[in-house]
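Asker: Predicted model, plus sequence, below.
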Amino acid sequence: MTRVMSTRFAATVLLTALSLSIWSAAAQAEDPPPPDPRLGPPTDRAAYGRAALEVVGVLAIGVGQYWLSAGNNARDWDFPPLSERFDERNIRFDNNTHVTNNLLHPLAGAAYYGLSRANGLSVGESVLYAQAASAIWEFGLEWREKVSINDMVMTTAAGTAAGEFLVQLAAYLNSAPDGGAWPQQAAGATLGFPIWVHDQLDDRHADASPPLDQLGFSSGYRHRFTLDLQNAWLDDGAERQQQLRGVRLAAQLSSLPGFLEPRSFARLFANGNFSEGLLDLQFDGRGLQNTDVAFDAVLAGYYRQWADADVLGWLAGVGTGLEFVDRNSLGLGDQYALAHFVGPSLALFRKGQTLSWTLASRLYGDFAPMRSLAWPAVYAANPRATYKSSLQGQYQYNLGFSNRSYAELRFHALRLSGEYNWGRYQSIEGLDRFQEQITRDLPGSEALDERRFTLAIEPPGAPIRAYAGIERSAHASHLGGYSARRLERRFVAGMGLAF
């Protein structure tokens, strides 16, 4: 175990050092950037006042919902004295549900951040607006409750990743020259509403120079969208088995001008130019069993590519992300959320006539609310003790590191991909909502290990695809001298669309 951890630590240091060295070398790049059509959220002028008003409007909606559901929210009212509002005793982790804390709060943060970006604010300025909105909510509008540390972290950090992807998608859906035909107009005014409405207000029009892509939008963007229906056969390596059916939507977007086009150039970027989103829902006869939601965004970095017969490029940047997982399969529930703080992101790309490939790796520092699988054994051994209030919901708050490494090979209609993710976390003590009442404040640790391998057939020129793959996910928990582990193995097969 020590050798494995040392190896991972060395890999972490190497990845960080390599990213910093590449970033330093970027300043010496002499190649001029390619022509810069309007891609991504607008950056020509920032409407700071209008962005602030819109964020206040979102806060007002939240206040209305909060008081309309006062009966449900009253269970969280601590009534801290206003004179002690900024006292550290009233700034704690809360014990709300997994969905409320780790999905709804990031989506609120995505609204604060995304509206700021749609108003022309930079990535950094939009993060500040989102953080200010979260602080106003926690310190002012939720004045009957203690200030929640985890809500501010998830709203801003996780909301940035979700908001960047959603606003990049909105910009793409409004990129059709002259608005496009009615399908493009409908997509822009609905899924792309944040950009659409601000384009109307500012009389801003899509760039007419790039030709259309196969969906009728600007070909200046590079994208990959997949919509799959799949069957999954699960087991835990022992006696439990289960079959699930599901739908999986995934999207990758690049708004970097010239990316993988036949031209050589080098440039710095800082407009969230690479982003991804995922929604994976799995069902059985009883209903929804598993939910996976993920967002990633490379916010800034350096990209260089060389074009000859093929195009070769490499990327070094800083990224952020969110993973939300809620699984009830195999009778072994698991829940966790990973708010990926800014960390180094490296990628290599090759685009050829018949052979293309991608190699990518990202390292993050994480804030991680996670279910402790060992909690039931701890409680059964000493039910009279008073533990963290969040542990009553079977989770606690952690800090740690994670890595996502990905490889893909494309040859004619064949697409092979593999992914390896790991995370290591230590619990945070001393900041529970009712810390003064705790008699046993137990440290814990969590470990995640996920592996996927997929083979897909995607005929050139056709949007259909068929695929099969194997997946393995493991979660190990240690708490108060007790350990527990959840293993899930899958064989998946499905068909869908890729465009």
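Answerer: Happy to help now that I have it.
Asker: Which residue ranges of the stretch 101-250 of the chain form strands?
Answerer: Listed in chain order, the strands of the stretch 101-250 of the chain (DSSP state E, counting those that start in this stretch) span 147-148, 222-235, 241-254.
Asker: Partner strands of the shortest one and their direction?
Answerer: Partners of strand 147-148 in the sheet, by DSSP bridges, are strand 91-92 (parallel).
Asker: How far off centre is the partner strand?
Answerer: 25 Å (CA atoms, centre = their mean, to the nearest Å).
Asker: what does stretch 124-134 give?
Answerer: Averaging C-alpha positions (CA atoms, centre = their mean) puts stretch 124-134 17 Å from its chain's average.
Asker: next one: stretch 224-239
Answerer: Worked out by CA atoms, centre = their mean, stretch 224-239 lies 20 Å from the chain centre.
Asker: So what touches that stretch?
Answerer: Residues from elsewhere that reach stretch 224-239 (CB atoms under 8 Å, 6 or more residues apart in numbering): 241-252, 282, 329-330, 332, 465, 467, 486-499. In this view, the C-beta of every residue, glycine as well, is placed from N, C-alpha and C.
Asker: before we move on, the earlier item: with distance to L373 and mean pLDDT added, can I get the strands of the stretch 101-250 of the chain in JSON lines?
Answerer: Putting the strands of the stretch 101-250 of the chain into JSON lines (distance: least, CB to CB, whole Å; pLDDT from 0 to 100) gives the following:
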{"stretch": "strand 147-148", "distance to L373": "24", "mean pLDDT": "94"}
{"stretch": "strand 222-235", "distance to L373": "17", "mean pLDDT": "97"}
{"stretch": "strand 241-254", "distance to L373": "18", "mean pLDDT": "97"}
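Asker: Does the residue nearest to Q437 when sequence neighbours are not counted belong to a helix, a strand or coil?
Answerer: Counting by CB to CB, 6 or more residues apart in numbering, T386 is the residue found nearest to Q437 once chain neighbours are left out, at 5.4 Å. Three-state call for T386 (DSSP: H, G, I helix; E, B strand; the rest coil): coil.
Asker: Touching, T386 and T439? I think so.
Answerer: Yes - judged on CB atoms under 8 Å, T386 makes contact with T439 at a distance of 4.5 Å.
Asker: Give me the more crowded residue out of the two.
Answerer: More neighbours surround T386 than the other of T386 and T439, with 12 against 9 (other CB atoms under 10 Å).
Asker: residues in contact with that one?
Answerer: Per CB under 8 Å, 6+ apart, neighbours of T386: 437-440.
Asker: May I ask which of the residues you listed has the most neighbours?
Answerer: Using other CB under 10 Å as the neighbour test, the contacts of T386 are led by I438, with 17 neighbours.
Asker: Touching, it and D432? I think so.
Answerer: Yes - if you go by CB under 8 Å, I438 and D432 touch, sitting 6.1 Å apart.
Asker: hey, what's in contact with both of these two?
Answerer: K388.
Asker: Give me the PyMOL select line for the contacts of stretch 224-239, limited to the buried ones.
Answerer: Remark: buried members of those, expressed as a PyMOL selection using 16 or more other CB atoms under 10 Å:
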select buried, resi 242+244+246+248+250+251+252+282+329+330+332+465+467+486+487+488+489+490+492+494+496+498
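Asker: in the protein, which helix or strand is least confident?
Answerer: One helix or strand of the chain scores below all others by mean pLDDT, DSSP states H and E: helix 2-26, with a mean of 42.
Asker: Mind listing residues that contact whatever helix or strand comes next after it?
Answerer: The helix or strand immediately downstream of helix 2-26 is helix 48-68, counting by DSSP states H and E. Residues from elsewhere that reach helix 48-68 (CB under 8 Å, 6+ apart): 73, 108, 111-112, 115-116, 119-121, 125, 129, 132-133, 136-137, 141-142, 201.
Asker: Quick check: F411 vs G313, distance?
Answerer: Distance from F411 to G313, counting by CB to CB, to the nearest Å: 19 Å.
Asker: higher neighbour count, those two?
Answerer: Between F411 and G313, counted using other CB under 10 Å, the more crowded position is G313 (22 against 12).
Asker: what residues are up against the closest residue to the more buried one other than its chain neighbours?
Answerer: Using CB to CB, 6+ apart and skipping the chain neighbours, the partner closest in space to G313 is Q305 (3.3 Å). Contact analysis of Q305 by CB under 8 Å, 6+ apart lists 258-260, 263-266, 311-314, 349.
Asker: The particular helix or strand that has Q305 in it pairs with which strands, parallel or anti?
Answerer: Assigned by DSSP H and E, Q305 belongs to strand 287-307. Using DSSP bridges, strand 287-307 pairs in its sheet with strand 265-269 (antiparallel), strand 274-284 (antiparallel), strand 311-327 (antiparallel).
Asker: List the buried residues of the first one.
Answerer: Spelled out, it's strand 265-269. 265-267, 269.
Asker: okay if I get the residues you listed as JSON lines plus distance to T160?
Answerer: Formatted as JSON lines, the buried residues of strand 265-269 follow (distance: CB to CB, whole Å):
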{"residue": "F265", "distance to T160": "28"}
{"residue": "A266", "distance to T160": "26"}
{"residue": "R267", "distance to T160": "23"}
{"residue": "F269", "distance to T160": "16"}
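Asker: Which one of these is nearest to S356?
Answerer: Among those, F265 lies closest to S356 (CB to CB), at 19.1 Å.
Asker: what's the spacing between Q305 and T354?
Answerer: Look at Q305 and T354: by CB to CB, they are 19 Å apart.
Asker: follow-up on the earlier one: so which of the buried residues of strand 265-269 is the closest to L82?
Answerer: F269 (45.2 Å).
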